[in-house]
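Q: Fold the following, please.
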Amino acid sequence: MYSLKPTAWLCSLFALAAAAFSTPAMGAGPISKGPWVQRVTSGSAVVRVEVEPPAPATLELGVSAAGTSLDGGNRVLESKEVKALHSFLVEGLEPATRYPITVRSHGAPKYGAITTAPRDDSGAPFRFLVYGDNRTDDAAHAAVVRAMVSSASDFLVHTGDFVSDGGSASQWQTFFDIEAPLTRERCIFSSVGNHEIVDGAGIHYLRYFGPTDPSTLPDGGAKAVTPEQLNGTFRWSNARFFLVNGMVDYRTGPSRDWLASALTASDGEAGLVWRIVVVHHGLWSSGPHGENQLLHDAGIPALLRAHKVDVVLSGHDHIYERGAADGIPYIVSGGGGAPTYKVKKPREYSRRFESVRHFVEASASTAAIQFVATRPDSSVIERCALRKSAGWDCDGETSLVASASASGAAPSSSSSSAPGPAPSRCACRTVGAASTSIGAGLGGLAGVVLLLARRRRSMRH
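A: As a prediction, the model looks like this:
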């Protein structure tokens, strides 16, 4: 890790103009992956980059593709070691602010941005995008990414299954190639999927997106990791997210202890309004994978209710689904590129289901979170608000959670009109002038993706 401490020049960042980002050639250049941003807080972030062949790297904070930069001051972070993966810890940042960045290795630059979280006590509204299960179909994955790029947000929430084989270096490269327009601009927070751990350890996932910093592990994350190291939590404004590894036994042991402790700690957290659980194989689904029996056997629904969890976001089944069960609203978003699934067994608690590739836009305020499920062609599946302590509000039909029976049954609804428009931009301020959209540079992405070798190994589950 390489740390940038607060300095006097930080204030002058606000005079910078951010520029449009050009779309890089797929897999081209000595910087093979990144930059991508991890572990963002209101005052810091980790920026990672992978280079090939291994070499030193630098990060310049406040330097955009247009070449604008700061006058004087220590604005360059150096990683002098000859290695492939570089992590830069950038500190001393202002809350709710977007900073352009440039990373360089072998003399070649690539550009990105850090968007910091608001102060915990700000209560500021924010936006995030939810998606997952990208594996298997690169062209479909790219179509979802193109649609997501045009939707402003502060960060991304991934429900797991980035790739088919978590131990395949080529599949991870394909993921980064396709996702570059998103990952260079917005932090991904994620739950680990079953396909990330098919190598028996989740080492590659931990290296790229794991909530545990691999550099803090005794072996630097080079060996097998324990299940609880694939769990994590983060705060954004008035919301706390719990990133849960749903592929292990939660009846007893370290994973159960971690989840119970993290939920308990949030009970008295100042200014906290929303508690959101993200888990790959969720508690409820009408798709072929269905309910996560490991979590039900461990009594996790009761645990989440006891700690006032507001919504569970999951993937695993390649569908869009919204519902309410055991007194808890949920969304299944597994339409990020993998082949879609049909309904195996319609559940009484399901409110809306569609076998479709998609992503979900979420706009959070103190009173509600509005969810907009969107197809790759930008058409809307449905818009629903989740009202605090009242449940789903779709077409004015409120208190769906309160009306659910103990078994999770809820009245049916097929309408999809919207309770108000979504904000048009992220809730952050930009260092200097607002950046132009990078979506315009994506026109040729579909054609390039079609030329990718089909490197993914198709897997049934």
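Q: The host helix or strand of residue 55: partners in the sheet, and parallel or antiparallel?
A: Assigned by DSSP states H and E, residue 55 belongs to strand 45-61. If you go by DSSP bridges, strand 45-61 pairs up with strand 31-38 (antiparallel), strand 76-90 (antiparallel), strand 97-105 (antiparallel).
Q: Turn those into CSV, columns for mean pLDDT.
A: Converted to CSV, those look like this (pLDDT from 0 to 100):
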stretch, mean pLDDT
strand 31-38, 94
strand 76-90, 91
strand 97-105, 93
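Q: Give the bridge partners for the residue most central in space within the chain, please.
A: Nearest residue to the geometric centre of the chain (Cα atoms, centre = their mean): residue 157, 2.3 Å. Residue 157 forms beta bridges with residue 130, residue 189, as assigned by DSSP bridges.
Q: how long is stretch 326-344 end to end?
A: End-to-end distance for stretch 326-344: 21 Å, by Cα to Cα, to the nearest Å.
Q: ugh, wrong one, I meant stretch 235-248
A: Note: stretch 235-248 ends 24 Å apart using Cα to Cα.
Q: Just the buried residues of that stretch, please?
A: Across stretch 235-248, burial judged by 16 or more other Cβ atoms under 10 Å covers 235-248. Backbone N, C-alpha and C define where each C-beta goes, glycine included.
Q: Of the residues you listed, which is the nearest to residue 354?
A: Residue 354 lies nearest to residue 246 out of the buried residues of stretch 235-248, by Cβ to Cβ, at 22.7 Å.
Q: Isn't that closest one up against residue 292?
A: Yes. Between residue 246 and residue 292 there is a contact under Cβ atoms under 8 Å: 5.5 Å.
Q: residue contacts, the residue nearest to the centre of the chain?
A: 128, 129, 130, 131, 188, 189, 190, 241, 278, 313, 362 (Cβ atoms under 8 Å, 6 or more residues apart in numbering).
Q: swap in residue 283?
A: Residue 283 makes contacts with 291, 292, 295, 296, 300, 301, 312, 314, 325, 326, 328, 330, as judged by Cβ under 8 Å, 6+ apart.
Q: can I get the residues you listed in TSV with distance to residue 175?
A: Shown next, in TSV, are the contacts of residue 283 (distance: Cβ to Cβ, whole Å):
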residue	distance to residue 175
291	28
292	24
295	27
296	31
300	29
301	32
312	25
314	20
325	32
326	34
328	31
330	26
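Q: Closest one of the residues you listed to residue 209?
A: Using Cβ to Cβ, the contacts of residue 283 come closest to residue 209 at residue 314, 16.8 Å.
Q: in stretch 260-274, what's buried?
A: In stretch 260-274, counting by 16+ other Cβ under 10 Å, buried: 262, 263, 266, 272, 273, 274.
Q: Could you tell me how far the helix or strand where residue 127 lies lies from the centre of the chain?
A: Here residue 127, judged by DSSP H and E, is contained in strand 126-131. Distance of strand 126-131 from its chain centroid, counting by Cα atoms, centre = their mean, to the nearest Å, is 7 Å.
Q: change the start of the numbering to 837 and stick with it
A: Done: numbering now begins at 837, and the last item shifts to strand 962-967.
Q: Could I get the CA-only coordinates of the very next helix or strand once past it as PDB?
A: Per DSSP H and E, the first helix or strand lying C-terminal to strand 962-967 is helix 974-985. Provided in PDB are the C-alpha atoms of helix 974-985 (Å, rounded to 0.1, in the frame of the first residue of the first chain):
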ATOM      1  CA  ASP A 974     -19.400 -11.700 -23.200                       C
ATOM      2  CA  ALA A 975     -21.600  -9.900 -25.700                       C
ATOM      3  CA  ALA A 976     -24.600  -9.900 -23.300                       C
ATOM      4  CA  HIS A 977     -22.300  -8.800 -20.500                       C
ATOM      5  CA  ALA A 978     -21.100  -5.900 -22.600                       C
ATOM      6  CA  ALA A 979     -24.600  -4.800 -23.400                       C
ATOM      7  CA  VAL A 980     -25.500  -4.600 -19.800                       C
ATOM      8  CA  VAL A 981     -22.300  -2.600 -19.100                       C
ATOM      9  CA  ARG A 982     -23.100  -0.100 -21.900                       C
ATOM     10  CA  ALA A 983     -26.500   0.500 -20.400                       C
ATOM     11  CA  MET A 984     -25.000   0.900 -16.900                       C
ATOM     12  CA  VAL A 985     -22.400   3.400 -18.000                       C
END
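Q: Residue 1159 is in contact with residue 1165, correct?
A: Yes. Counting by Cβ under 8 Å, residue 1165 does reach residue 1159; the two are 7.4 Å apart.
Q: on that earlier part again, out of the contacts of residue 993, the closest to residue 1170 would be?
A: residue 967 (8.5 Å).
Q: If anything else comes up later, I'll come back, but that's it for now.
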